[in-house]
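**Student:** What would the 3D arrangement of this be:
(chains A, B, C and D)
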Protein chains: 2
Amino acid sequence: MPRPRQFDDHDAVRKAIEVFRRQGYHGTSTRDLGAAMGLNPSSLYRAYGDKHALFLRALDSYQTVQDEATGEITSSSDSVRSALRRWLVHMITEEQDHAWGCLMVNTAAELGAEDSPTRERVHAAFDGNVTVIADLLEKAVAEGEITREIDVHGWSELLFTTVAGLRVRDRAGQPLERLTAAVDTALDAIWGR
Amino acid sequence: MPRPRQFDDHDAVRKAIEVFRRQGYHGTSTRDLGAAMGLNPSSLYRAYGDKHALFLRALDSYQTVQDEATGEITSSSDSVRSALRRWLVHMITEEQDHAWGCLMVNTAAELGAEDSPTRERVHAAFDGNVTVIADLLEKAVAEGEITREIDVHGWSELLFTTVAGLRVRDRAGQPLERLTAAVDTALDAIWGR
DNA sequence: CTTGTTCGGGAGCGATCGCTCCCTATCTCG
DNA sequence: CGAGATAGGGAGCGATCGCTCCCGAACAAG
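**Tutor:** Predicted coordinates:
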């Protein structure tokens, strides 16, 4: 019965993610969003509610894409070490030209823990990454890649903390070589040089 | 000749730092700043220029205080390991009640590398911390605390990346125990358990 | 085709933004 | 004390903020 919308929801949210990543939540106006998404104010508000709701929508969509990429990268058939390295380096090289950082990390730093729905999504994303790392380390132990005993819990926390730090430093414009040096030092500490 | 100002510059900037840490740059209005600093708009603008200049002033003052605290903590007479641990834990426990994160890390995540004067200050602060860590590790090697060979450059990058990640996770509201687990795993990797 | 519903477009709401001006008060110095 | 200069206070500037309303257009169902 209704007239169908003339814009693609998925593309529009992708554009919103892009703007929020670059400019942050408070640095992005609804006019910025409308311009990037190709929507006038009324269409934007009818389709997505308000700015905050669209932001949550962007967080969810962003994390879905992130999780898919994580799954593809970490489910390869070669060694856990190389899969983990590929994943860690991917975190700081997914965008070729611009370093926009991670929307979840940027959001955590900008908004902190004040806003509940935001905090929940940030925690879910962070804890999901810790679990991915823990699963990889367990797999490395099971497959005999790591010979000596390893504190999987401690290393999962440390490696994820490293991921968060890498994405901040990447966004700050620090050179890739220094960030990969950190990555390789961590991997050397687990697997040996 | 002129009438002296009735507010304390140092205290006022400290208040500005507090607000910027909590709310970020774009999330803070000049009225927020004026209210926190006890200044009406005209006094604020005459004394500090505009919002951006006050922000740079806050960044500089913040880093000065941070560097002083770092010097005090890391120049103790006991082992390098315990000094380094105290410093790392201090990063996530300096505020008792609220987790406002690090102004430099928050700024890096919110504003990225777009604004030059901001980026320069963030880089100076980051690189200063990397140097502090490198000096501590060199000292540990020199004093025989670390027996096996260690890649000081790689570990400096990794430990500072960890610091950045810790402060993001702290601001996001993640529990202290998980963050200290990351810290201790890193220290164990260098010094042994 | 008619009807019903949502669409895209645009004007514009009240509130707040960063910031400036003007006025008087208060201080230092000759 | 008089002169000079900057202080604090407050009104308010134009611009932009998040958001709403109204409009004719476009499409699905009967």
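
**Student:** tell me the pLDDT at A:E95?
**Tutor:** pLDDT, A:E95: 87.

**Student:** And the one 4 residues further on, by the same measure?
**Tutor:** Here the pLDDT value assigned to A:A99 is 88.

**Student:** With A:I92 instead?
**Tutor:** For A:I92, pLDDT reads 96.

**Student:** Likewise for A:R3?
**Tutor:** At A:R3, pLDDT is 85.

**Student:** now it, what's its secondary structure?
**Tutor:** Secondary structure of A:R3, reduced to three states by DSSP: H, G, I helix; E, B strand; the rest coil: coil.

**Student:** What is the burial count for it?
**Tutor:** 5 (other Cβ atoms under 10 Å in any protein chain shown). In short, each C-beta sits where N, CA and C put it, glycine included.

**Student:** what residue is smack in the middle of chain A?
**Tutor:** A:C102 (4.6 Å; Cα atoms, centre = their mean).

**Student:** Check the gap between it and A:I92 for me.
**Tutor:** Distance, A:C102 to A:I92, by Cβ to Cβ, to the nearest Å: 10 Å.

**Student:** what do the two both touch?
**Tutor:** A:R167 (Cβ atoms under 8 Å, 6 or more residues apart in numbering or on different chains).

**Student:** Grab the longest helix from chain A for me.
**Tutor:** helix A:116-142 (DSSP state H).

**Student:** how about it, does it reach chain B?
**Tutor:** Yes - using Cβ under 8 Å from any Cβ of the partner chain, a contact is recorded between helix A:116-142 and chain B, made by A:R119, A:V122, A:H123, A:F126.

**Student:** So that helix, near DNA strand D or not?
**Tutor:** No - between helix A:116-142 and DNA strand D, judged by Cβ under 7 Å from any atom of the strand, nothing touches; the nearest distance is 13.9 Å.

**Student:** Check the offset of that helix from the chain's centre.
**Tutor:** Taking Cα atoms, centre = their mean, to the nearest Å, one finds helix A:116-142 lying 11 Å from the centre of the chain it belongs to.

**Student:** Buried residues in that helix, which are they?
**Tutor:** Neighbour counts over helix A:116-142 (16 or more other Cβ atoms under 10 Å in any protein chain shown) mark A:118-119, A:121-123, A:125-126, A:128-130, A:132-134, A:136-137, A:140-141 as buried.

**Student:** could you give the mean pLDDT of it?
**Tutor:** Averaging pLDDT along helix A:116-142 yields 98.

**Student:** Next secondary structure element downstream of that helix?
**Tutor:** For helix A:116-142, the following helix or strand on the C-terminal side (DSSP states H and E) is helix A:152-171.

**Student:** what's the offset of that following helix from the middle of its chain?
**Tutor:** That offset, for helix A:152-171, works out to 12 Å (Cα atoms, centre = their mean).

**Student:** Give me the buried stretch members for it, please.
**Tutor:** Neighbour-count burial for helix A:152-171 flags A:152, A:154-171 (criterion: 16+ other Cβ under 10 Å).

**Student:** near chain B, from those residues?
**Tutor:** A:154-155, A:157-158, A:160-166, A:168-169, A:171.

**Student:** which SSE is A:R46 in?
**Tutor:** Judged by DSSP H and E, A:R46 forms part of helix A:41-48.

**Student:** So the following helix or strand past that helix, near chain B or not?
**Tutor:** Proceeding N to C from helix A:41-48, the next assigned helix or strand is helix A:51-74, under DSSP H and E. No - counting by Cβ under 8 Å from any Cβ, chain B has no neighbours in helix A:51-74; the shortest distance is 12.9 Å.

**Student:** quick check: angle from the very next helix or strand once past helix A:51-74 to helix A:152-171?
**Tutor:** Note on helix A:51-74: by DSSP H and E, the next helix or strand toward the C-terminus is helix A:80-91. With axes from the mean of the first three to the mean of the last three Cα atoms, to 10 degrees applied, the angle from helix A:80-91 to helix A:152-171 works out at 30 degrees.

**Student:** in helix A:80-91, what counts as buried?
**Tutor:** Buried, per 16+ other Cβ under 10 Å, within helix A:80-91: A:V80, A:R81, A:A83, A:L84, A:R85, A:W87, A:L88, A:V89, A:M91.

**Student:** cool, and stretch A:2-21?
**Tutor:** Buried residues in stretch A:2-21 (16+ other Cβ under 10 Å): A:A12, A:V13, A:R14, A:K15, A:A16, A:I17, A:E18, A:V19, A:F20, A:R21.

**Student:** what residues does that stretch touch?
**Tutor:** A:28, A:32-33, A:36-39, A:43, A:47, A:54-55, A:57-58, A:61-62, A:100-101, A:103, A:106.

**Student:** residues in chain A within reach of DNA strand D, list them.
**Tutor:** Residues of chain A that fall close to DNA strand D, judged by Cβ under 7 Å from any atom of the strand: A:1-4, A:28-32, A:41-42, A:45, A:50-52.

**Student:** Quick check on those residues: which are buried?
**Tutor:** Buried, going by 16+ other Cβ under 10 Å: A:T28, A:Y45, A:K51, out of these.

**Student:** OK, contacts around the last one?
**Tutor:** By Cβ under 8 Å, 6+ apart, A:K51 lies in contact with A:T28, A:T30, A:L33.

**Student:** Narrow the contacts of stretch A:2-21 to those that are buried.
**Tutor:** With burial judged by 16+ other Cβ under 10 Å, the buried subset of the contacts of stretch A:2-21 is A:28, A:33, A:36-37, A:39, A:43, A:47, A:54-55, A:57-58, A:61-62, A:100-101, A:103, A:106.

**Student:** Assign the nearest residue to A:R85 once chain neighbours are set aside to helix, strand or coil.
**Tutor:** Nearest residue to A:R85, sequence neighbours excluded (Cβ to Cβ, 6 or more residues apart in numbering or on different chains): A:L187, at 5.8 Å. With three-state DSSP as the basis, A:L187 sits in helix.

**Student:** check contacts around A:L187.
**Tutor:** By Cβ under 8 Å, 6+ apart, the residues touching A:L187 are A:R81, A:L84, A:R85.
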